[in-house]
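*Asks:* Got a predicted structure here, sequence first:
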Amino acid sequence: MLALTHELGLRGANALTQAFGVDLTGKVIIDRSQKADLQCAAAMQLAKSLKRSPRELAEVLVKALAEHVAVKSTDIAGPGFVNIHLHDAWLKQNVGNALSLRQIGAGHTVVIDYSSPNVAKPMHIAHIRSTIIGDAIKRVLRAVGYNVIADNHLGDWGTQFGKLIVAYRKWLDEKAFSENPVVELLRLYIKFVDLEKEQKQALGKKLDGDEEDEGAAGDAPPILQEARAELVKLQQGDDENVALWQKFIDVSMREFERVYKRLDVSFDVVLGESFYNDKLASTVQLLLDRGLAEESEGAIVVRFDKARDGEALAPLLVRKKDGGFLYGTTDIAGMLYRVQRWNASRIIIVTDDRQQLHFRQFFAACKQLGVKASMEHVFFGLMRLPEGTISTRDGNLIGLEALLDEAERRATVVAKECNAELTDAETVEIGRVVGIAAVKYNDLSKDRTTLVTFTWDKALSLTGNTAPYLQYAYARIASLIAKGVDAGVSPGELASFEPTERALTMKLLAFDDIVEQVALSSKPHMLCEYLYELAAQFSSFYGELSVLKAEPAVSAGRLRLAQLTGDVLAKGLELLGIGVLSRM
RNA sequence: GCGCCACUAGCUCAGUUGGAUUAGAGCGUCGGCCUCCGAAGCCGAAGGUCGCAGGUUCGAGCCCUGCGUGGCGCGCCA
């Protein structure tokens, strides 16, 4: 219905512009309403600046809007609200366009960076947020016409690789590695960190008061010195170390791919941190040349000031005093690369909210370097467990695959209970689709900025506002249509228009509006909310009215509404990365 | 010390970016509905000082200020 609200908004703005001689283009917004089909609050919003009474403006709007073919009547209510009632005939005629989306992204390229797991660490339940939310945003942006580049910015570089190489050579358990390489790598890493801590304590606490020398080789724990040496060799291209590093990446990617396949998540490119290695020195040089970076205590930093950058941010470190680079350097290099290579007008990066400061810093630096693209940090709240923060150290990781396994298992049990006619193979397939959907929807349906506390029962719930509810509505519709075919009823023009049918129609027509809002705000939960309301509206309609057992003309119309609902549900769920089933 | 995010029903969350005398869902609780298109469902009930106090205006759960609680950040990790 976006097209209609836009038309009405334009019409209203033109009328006011003509009446008062002030250009008000774009100032009249048409909203949904509980009291009417649509409403307009512009009269009150604009009254003050025009020095007119809201009533006066409302009179103009009422007259202008009433002339549109879709509008049956208009009236003024309260302090100056304009209520708009639409013709039933118009709604019936236009409901078939519910699935068409304005291509607001046409001609634009957006790069979206999500998932981005760390190599050599298993994916656990917290990784699902970036992965699932990012993938849904990607699908929505594509649906509204953007050329989308989905980029998995792997954590495949950095100091941890020196540690891993040392630990691998010292303590590798071959058998464990061949059975589950990533778990073994995690064990090795933890073992290293434990030893490092031990040695540090043995060295005494004098390091605290002597920060100047902390980086000096002499005072660091021996094991850490070894790791640093291996890291330097790796960075210099030492064959053996590079081979090991590549091996870590390969085994990790194999595991990631397995998870992505189960989740139906995909990327266009996988450009990890290491991809930008050869661009870091020149990035720092560029910052220096532009006068944006300066030396400070041996390091190179970018400073910000309120007048130029809009806020007084802490400095961003781009080169350590030992010459090494940091992830801020990589991020800036990545931004420049993405803008140049793809000529992207939007860059979206999906990470948890702890990194907000970092993103504001590096976005500000990019702006100073002339990046014109819209840079958006799409952040989400951290996931925690009821007993506290998820941490590798505490060993309370819940593996992502374990979660998916359990989800499928529970959904399979329920599928068997609910539908005895299904074969075992069907039950397993349904359990798979429904279980994965439940996990995804659980994450997608909450505003991404809220902190979530993970519990099995919530994450795997199958009733109420969940994916299975939506899938169930779809399955019933599929069943209806099949029965309609048997009975010789096929979808046709809407004949009757009971209140529930009208409400369902209005809901269907809101689809394009919601999708556009998600594309602009990167908040998929709005689509979840909408689909849930749509399914609920359908369920009411279905409970209240007979579809196939009404008069033929009425049946055809109701079947059409059901079919459109099914189409929108399937399309909406597809945009969330969730599948549907015709039987469950 | 500075900054970011949150605070809405017993619990988990929405609230269309400032709109309408009844602030909405789900779970849980209580009560109805399978002889009739799929009960993973439908209908109804109970449940609220929107963290607290001020402010802005025609109008505030939403914006501003202060405070409280929780979580997370703040130069050589990512």
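*Replies:* Sure thing, it's come through.
*Asks:* Okay, now the unreliable bits of the stretch 1-150 of chain A?
*Replies:* The stretch 1-150 of chain A contains no residues with pLDDT under 70.
*Asks:* all strands for it, in order.
*Replies:* Under the criterion DSSP state E, counting those that start in this stretch, the stretch 1-150 of chain A contains strands at A:30-32, A:38-40, A:71-77, A:81-86, A:109-113, A:147-151.
*Asks:* closest to A:A373 out of those?
*Replies:* Ranking the strands of the stretch 1-150 of chain A by proximity to A:A373 (Cβ to Cβ) places strand A:109-113 first, at 8.6 Å. Bear in mind the C-beta positions are built from the backbone N, C-alpha and C, glycine included.
*Asks:* Against RNA strand B, how distant is A:P117?
*Replies:* Using Cβ to the nearest atom of the strand, to the nearest Å, A:P117 is found at 10 Å from RNA strand B.
*Asks:* can you list the strands of the stretch 1-150 of chain A in JSON lines and add mean neighbour count and distance to RNA strand B?
*Replies:* Shown next, in JSON lines, are the strands of the stretch 1-150 of chain A (neighbours: other Cβ atoms under 10 Å; distance: least, Cβ to the nearest atom of the strand, whole Å):
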{"stretch": "strand A:30-32", "mean neighbour count": "17", "distance to RNA strand B": "4"}
{"stretch": "strand A:38-40", "mean neighbour count": "23", "distance to RNA strand B": "4"}
{"stretch": "strand A:71-77", "mean neighbour count": "17", "distance to RNA strand B": "3"}
{"stretch": "strand A:81-86", "mean neighbour count": "23", "distance to RNA strand B": "3"}
{"stretch": "strand A:109-113", "mean neighbour count": "24", "distance to RNA strand B": "13"}
{"stretch": "strand A:147-151", "mean neighbour count": "22", "distance to RNA strand B": "15"}
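*Asks:* would CSV of those with distance to A:K440 be doable?
*Replies:* Formatted as CSV, those follow (distance: least, Cβ to Cβ, whole Å):
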stretch, distance to A:K440
strand A:30-32, 28
strand A:38-40, 33
strand A:71-77, 40
strand A:81-86, 35
strand A:109-113, 17
strand A:147-151, 16
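*Asks:* What strands line up against the lowest-mean-pLDDT helix or strand in chain A, and which way round?
*Replies:* Counting by mean pLDDT, DSSP states H and E, the weakest-scoring helix or strand in chain A turns out to be strand A:388-389, with a mean of 78. With DSSP bridges as the test, strand A:388-389 is paired with strand A:383-385 (antiparallel).
*Asks:* Quick check: mean pLDDT of the strand it pairs with?
*Replies:* Averaged across strand A:383-385, pLDDT comes to 83.
*Asks:* how far out from the middle of the chain is it?
*Replies:* 18 Å (Cα atoms, centre = their mean, to the nearest Å).
*Asks:* contact partners of it?
*Replies:* A:I125, A:A126, A:I128, A:R129, A:I390, A:N396, A:I398, A:L451, A:V452, A:T453, A:F454 (Cβ atoms under 8 Å, 6 or more residues apart in numbering).
*Asks:* Over in chain A, which residue gets nearest RNA strand B? Let me know.
*Replies:* Using Cβ to the nearest atom of the strand, the closest approach of chain A to RNA strand B is made by A:G464 at 2.2 Å.
*Asks:* I'd guess that residue is in a helix, am I close?
*Replies:* No. Going by DSSP: H, G, I helix; E, B strand; the rest coil, the assignment for A:G464 is coil, not a helix.
*Asks:* show me where pLDDT drops low in chain A?
*Replies:* Checking chain A against pLDDT under 70 turns up A:204-219, A:393-394.
*Asks:* Dead centre of it: give me the residue that sits there.
*Replies:* Against the mean C-alpha coordinate of chain A, by Cα atoms, centre = their mean, the closest residue is A:I133 at 2.7 Å.
*Asks:* Can you give me every residue that contacts it?
*Replies:* A:Y114, A:V350, A:V378, A:F380, A:D443, A:L444, A:R448, A:P524.
*Asks:* Out of these, who's the most crowded?
*Replies:* When neighbours are counted by other Cβ atoms under 10 Å, A:P524 leads the contacts of A:I133 with 28 neighbours.
*Asks:* For that one, which non-adjacent residue is closest in space?
*Replies:* Nearest residue to A:P524 in three dimensions, chain neighbours excluded: A:A136, at 4.2 Å (Cβ to Cβ, 6 or more residues apart in numbering).
*Asks:* Settle this for me: A:L24 is touching A:A13, isn't it.
*Replies:* Yes. Counting by Cβ atoms under 8 Å, A:A13 is a contact partner of A:L24 at 4.9 Å.
*Asks:* does A:V318 belong to a helix or a strand, and which?
*Replies:* A:V318 belongs to strand A:316-319 when assigned by DSSP states H and E.
*Asks:* Now do the helix or strand where A:L234 lies: distance to the chain's middle.
*Replies:* If you go by DSSP H and E, A:L234 is part of helix A:222-235. Centroid separation for helix A:222-235 versus its chain: 38 Å, with Cα atoms, centre = their mean.
*Asks:* which residues are contacting the strand holding A:V318?
*Replies:* A:283-284, A:287, A:293, A:299-302, A:304, A:325-326, A:328-329, A:332, A:358, A:361-362, A:365.
*Asks:* what about the strands in the stretch 451-584 of chain A?
*Replies:* Going by DSSP E, counting those that start in this stretch, the stretch 451-584 of chain A shows strands at A:452-453.
*Asks:* Run through the residues of it sitting next to RNA strand B.
*Replies:* Proximity of the stretch 451-584 of chain A to RNA strand B (Cβ under 7 Å from any atom of the strand) is limited to residues A:451-453, A:458, A:461-466, A:468-469, A:472, A:475-476, A:478-480, A:483, A:517, A:521, A:523, A:525-526, A:529, A:532, A:536, A:539-540, A:542-549, A:582-584.
*Asks:* Okay, domains of chain A per the record?
*Replies:* Split into domains by automatic domain parsing, chain A comes to A:2-86, A:158-236.
*Asks:* Near A:L317, how many other residues are there?
*Replies:* 20.
*Asks:* Is it bridged to anything, and to what?
*Replies:* Beta-bridge partners, per DSSP bridges, of A:L317: A:V301.
*Asks:* Next, the contact list for A:V439, please.
*Replies:* A:I128, A:L403, A:L404, A:A407, A:A459, A:L460.
*Asks:* Pretty sure the third one sits against A:I436.
*Replies:* Same thing as A:L404. Yes. Shown here, A:L404 and A:I436 form a contact pair, counting by Cβ under 8 Å, at 6.3 Å.
*Asks:* still on that earlier bit, what's the offset of the strand holding A:V318 from the middle of its chain?
*Replies:* With Cα atoms, centre = their mean as the basis, strand A:316-319 stands 29 Å off its chain's centre.
*Asks:* For RNA strand B, tell me whether that strand is touching it.
*Replies:* Yes. Under the criterion of Cβ under 7 Å from any atom of the strand, RNA strand B is reached by strand A:316-319 at A:L317.
*Asks:* other SSEs contacting the following helix or strand past that strand?
*Replies:* Per DSSP H and E, the first helix or strand lying C-terminal to strand A:316-319 is helix A:327-342. In this structure, helix A:327-342 makes packing contacts with strand A:109-113, strand A:147-151, helix A:280-289, strand A:316-319, strand A:346-352, helix A:356-368, judged by 3 or more Cβ pairs under 8 Å, 6 or more residues apart in numbering; DSSP states H and E.
*Asks:* quick one: is helix A:327-342 near RNA strand B?
*Replies:* Yes. Judged by Cβ under 7 Å from any atom of the strand, helix A:327-342 comes into contact with RNA strand B at A:Y327, A:T330.
*Asks:* All set, thanks.
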